[in-house]
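>>> after the sequence you'll find the predicted model.
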Amino acid sequence: MALAVSQPPPLVVTVSTPIGLLSVRGTKSHVYAIDFGADPEQPTADSRSSSSSSSSRIVSAEDLTLDAAADAAAADAAAADAAAADESRHDTSKSAPDTAAAPREDSAVYQCALQLIEYFDGKRSSFDVPLAFSHKATPFQRRTWDYMQRNVLFGDVISYGGLANCISDKGACRAVGMANNRNPLPIVVPCHRVVGSDGSLVGFAGGLWRKEWLLAHESKLRVIKQRLQQQQQQSESQSQSQSVGSHVSDSTPSSSSRRSTEHSQPAASTTATSVSTTKAERRSSKTAAVRSKYFKV
């Protein structure tokens, strides 16, 4: 008799963003997929680089019926959560597709949705939610995704060849491209930051216009942050200069005291000169008297 293992239902939160709807899927403890919704009306060239073209918000966190692929991914993530406890269990039956439950606000799925909102609002540059990849992912794909998440930072880009070199697999540009194409967690695992060797956008599962928007969004915010840092550094240096200047001025005599000192110094020197002149005259007169007394001319 086969033992049927009940899997926890997947959790889904849908977020409205400037690049369309994003569906975040996973369990209470892990996020395993972010899906792009149907293409909305694409933003114009002027609004693509603007992080405020539309506000991001959670649209729904309601029950949804998932298709077979989503159900399989949910089962993979749930199995990863309870791998140690389920090693001795064997499920040979296939159940009907699960229905997504409404996620709690403390769940990983809901927190990921909130962090995505912060990202699109320009308040976040990295994500810190626990992720779960399907067991069907190859070791190379996992290595590629892990490296991108840890090392290809906000506002940076890397070429496919450069990424292949970084994961110690030179010449694997095509494999890197395939791993990016199958990335189940776009934006959180930033495959949009991987470009061609000549800087061309090349490809993106969500569409090139979304990739262009994301790169422009990050580039603009990075420039703004750099300018703010420069302004802060300049302000700090100016305050330090003012502090040093006030200290120097406190230790330097005032102009009036300098003038009084300058006037008093010549007077003192004149008095000393007159005294020394009087003494010389007395000595010379005594010498003349002695000469006149003892020497005859």
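Now that the structure is in, tell me what you want to look at.
>>> burial of Ser168, as a residue count?
Using other C-beta atoms under 10 Å, Ser168 has 9 other residues around it. For glycine as for every other residue, the C-beta is placed from the backbone atoms N, C-alpha and C.
>>> nope, Leu214 is what I was after
22.
>>> what's the spacing between it and His192?
5 Å (C-beta to C-beta, to the nearest Å).
>>> next one: Asp35
When distance is defined by C-beta to C-beta, Asp35 is 15 Å away from His192.
>>> what do you get for Tyr160?
For Tyr160 relative to His192 (C-beta to C-beta), the value is 13 Å.
>>> which one's more surrounded, those two?
Between Tyr160 and His192, His192 has the larger neighbour count (other C-beta under 10 Å), namely 26 against 21.
>>> surely the more buried one and Trp213 touch.
No. Counting by C-beta atoms under 8 Å, Trp213 is not a contact partner of His192; they are 9.1 Å apart.
>>> quick one: the strands in this structure, in order.
With strands called from DSSP state E, the chain shows them at 11-17, 20-26, 31-36, 57-60, 158-159, 194-195.
>>> got JSON lines for those strands, with mean neighbour count and distance to Asn165 too?
JSON lines is the format used below for those (neighbours: other C-beta atoms under 10 Å; distance: least, C-beta to C-beta, whole Å):
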{"stretch": "strand 11-17", "mean neighbour count": "23", "distance to Asn165": "33"}
{"stretch": "strand 20-26", "mean neighbour count": "23", "distance to Asn165": "31"}
{"stretch": "strand 31-36", "mean neighbour count": "22", "distance to Asn165": "27"}
{"stretch": "strand 57-60", "mean neighbour count": "14", "distance to Asn165": "39"}
{"stretch": "strand 158-159", "mean neighbour count": "19", "distance to Asn165": "9"}
{"stretch": "strand 194-195", "mean neighbour count": "22", "distance to Asn165": "13"}
